[in-house]
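Test case, fold it:
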Amino acid sequence: MDFKPMADRVLILRDAAEERTVSGFFIPDAIQEAAVRGTIQAVGPGRVSKQGTAIPMDLAVGDRVMFAPGAGLPVKLEGADYLVLKEEEIIALVD
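Below is the predicted model:
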């Protein structure tokens with residue numbers, strides 16, 4: 001895949017939605033929440049401050065992240081669903 005985000009944006013492959021609860025019960029498709037975790041697949045170069053200095057990204061390809069439900073722009077690339085998010089929409093790095 002050849003996709004290069006611009007400025008402070010990242011391309012994220014969202015984790016699959018949970019199909020079972022921790023106790024083993026199945027969650028029906030109608031109430032499954034979209035996953036709010038994923039893995040960064042591509043990273044933009046960063047942003048430029050008002051003073052004109054470059055501010056590099058704190059994120060890297062392969063980082064596992066958490067983001068808010070509904071955040072980002074959904075895109076479909078090579079048959080897979082991804083999200084494009086700004087760095088500020090990332091809530092946390094996760095294991």
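
Secondary structure class of the residue most central in space within the chain, three-state.
For the chain, the residue nearest the mean C-alpha position is Ile12 (3.5 Å; CA atoms, centre = their mean). Here Ile12 is strand, with the state taken from DSSP: H, G, I helix; E, B strand; the rest coil.

ok, for it, nearest residue in space, not its chain neighbours?
Gly38 (4.1 Å; CB to CB, 6 or more residues apart in numbering). Heads up, the C-betas are built off the backbone N, CA and C, glycines and all.

Surely that neighbour and Arg64 touch.
Yes: with contacts counted by CB atoms under 8 Å, Gly38 reaches Arg64, the gap being 7.4 Å.

Model confidence for Ala35, exactly?
You'll see Ala35 listed with a pLDDT of 62.

The one 5 residues further on now?
If you check Ile40, the pLDDT there is 97.

any idea which helix or strand carries it?
With elements taken from DSSP states H and E, the one containing Ile40 is strand 37-43.

Flag every buried residue along that strand.
For strand 37-43, the neighbour count (16 or more other CB atoms under 10 Å) marks 38, 40-43 as buried.

Tell me how far Gln41 lies from Leu77.
To Leu77, Gln41 is 9 Å away according to CB to CB, to the nearest Å.

cool, Arg9 as well?
Distance from Arg9 to Leu77, by CB to CB: 14 Å.

between these two, which one's more packed in?
Set Arg9 next to Leu77 and count neighbours by other CB atoms under 10 Å: Arg9 wins out with 22 against 14.

dump the residue contacts of that one.
The contact partners of Arg9, by CB atoms under 8 Å, 6 or more residues apart in numbering, come to 44, 84-87.

ditto for Met66
36-37, 90-94.

Return the item of these having minimum pLDDT.
Among the contacts of Met66, pLDDT bottoms out at Val36, giving 87.

Provide the count of other residues in contact range of that residue.
For Val36, using other CB under 10 Å, the count is 17.

cool, Lys4 as well?
Using other CB under 10 Å, Lys4 has 10 other residues around it.
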